[in-house]
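Chemist: requesting a structural model of the entry that follows:
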Amino acid sequence: MSQWEGFEELVKVVEVGSFSGAARSMGVSKGHISQRISQLEDRLGTRLLHRTTRKLSLTELGNLYYQRCKQIIEDLEEIEETVSEFQQRATGLLKISSPNLLGEMHIVPAIADFLKENTTLEIELNFYSRKVDLIEDAYDVAIQVGPRTDINVVNKPLASTTFILVASPRFLNQYGTPEVPQDLKHLRCLRFTEYGSSKPWKFIRGEETVSVNGLSHWHSNNGHCLLAAARDGLGLAYLPDYYLAEDMKAGRLVRVLGDWRGIERDIVAIYQQRRHLSAKVKLFVDFLQDRFHQEKPW
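Modeler: Residues are numbered from 1 along each chain as shown. The predicted model follows:
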């Protein structure tokens, strides 16, 4: 018999004053209550209750044992309340990963506002172009462009981003402006590479879709690098709109092939699928969804 078995039954019997009342309160039979307390007394080697046809009363040792058991039950209830309260508050360390520029320009300000409402939270934010392993790298939330296909992860869309073809005015004045996607085969393009390979640029106009591998003398796995190269007139760049908003507004970069649109991707927050999601993750993801849904920062 477990050392825990029987003490709840004893406390309930004393509180309600009878075996039958304790049985009704706990949703079990009167015989079950009687058996549990008898087993408890046998294990302890002492009588805890005086039983008569009229009433029940505690023995001296029974009273001592009852008081300690009652305190244990109260302590357990307090612990459960504390855990339940903890689950409703954003506390502890929230570890987040994000792509560099998206993180620097838009996730950092969002986190700053989130912390104003959740002052007990600690943040660790790391920037990566690669996809982090949520379990191995111990991340609570990963923000990236495009959903994950991993098993047991949740993808929460935050906003959509559209890829735009841009170039500096100097580049276009020197090399000319492409009129159709196929012209990119003869113009310098700044290509994003990942693990040594790059994907064709896709353009859509109505029902027509065209994929092009442009002429390229410049490759990088970093969007900052491609953006800087485009500003300096080194070629055409095909980047998400959140990269380009400030430079296009300032006239440092201009949109090319305006009749064609690039691919559209979701910016998503990714976290592990769990039965009981921690409050810090739920509150943070809900905050980001609400923030980006109201208006794209870029």
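
Chemist: just the helices in the protein please.
Modeler: 7-16, 19-26, 30-44, 60-88, 100-102, 108-117, 169-175, 223-231, 241-250, 279-294 (DSSP state H).

Chemist: wait, which of those helices is closest to Lys202?
Modeler: Closest of the helices of the chain to Lys202 is helix 241-250, at 15.2 Å (criterion: CB to CB). Every C-beta, even on glycine, is put in place using the N, C-alpha and C of the backbone.

Chemist: in contact with the closest residue to Leu94 other than its chain neighbours, which residues?
Modeler: Counting by CB to CB, 6 or more residues apart in numbering, Leu94 lies nearest to Lys280, which is 4.8 Å off, once chain neighbours are set aside. The contact partners of Lys280, by CB atoms under 8 Å, 6 or more residues apart in numbering, come to Ala90, Thr91, Gly92, Leu94, Asn118, Leu121, Asp140.

Chemist: the second one contacts Thr120, doesn't it?
Modeler: Yes. Under the contact definition of CB atoms under 8 Å, Thr91 touches Thr120, with a separation of 4.8 Å.

Chemist: using the record's assignment, carve this protein into domains.
Modeler: What automatic domain parsing lists as the domains of the chain is 7-88, 92-154+271-294, 161-265.

Chemist: could you dump those domains to JSON lines with mean pLDDT?
Modeler: Shown next, in JSON lines, are the domains of the chain (pLDDT from 0 to 100):
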{"stretch": "domain 7-88", "mean pLDDT": "87"}
{"stretch": "domain 92-154+271-294", "mean pLDDT": "89"}
{"stretch": "domain 161-265", "mean pLDDT": "93"}
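
Chemist: just the strands in the stretch 151-298 of the chain please.
Modeler: 153-167, 188-192, 201-205, 208-212, 215-220, 236-240, 254-255, 261-262, 264-272 (DSSP state E, counting those that start in this stretch).

Chemist: most neighbours per residue, which of the ones you listed?
Modeler: Comparing the strands of the stretch 151-298 of the chain by mean neighbour count (mean count of other CB atoms under 10 Å), strand 236-240 ranks first with a mean of 26.

Chemist: other residues contacting that one?
Modeler: Under CB under 8 Å, 6+ apart, the answer for strand 236-240 is 102, 145, 161-167, 171, 178, 184, 187-190, 192, 201, 214, 223, 226-227, 229-230, 253, 256, 262, 265.

Chemist: who does that strand pair up with?
Modeler: strand 153-167 (antiparallel), strand 188-192 (parallel) (DSSP bridges).
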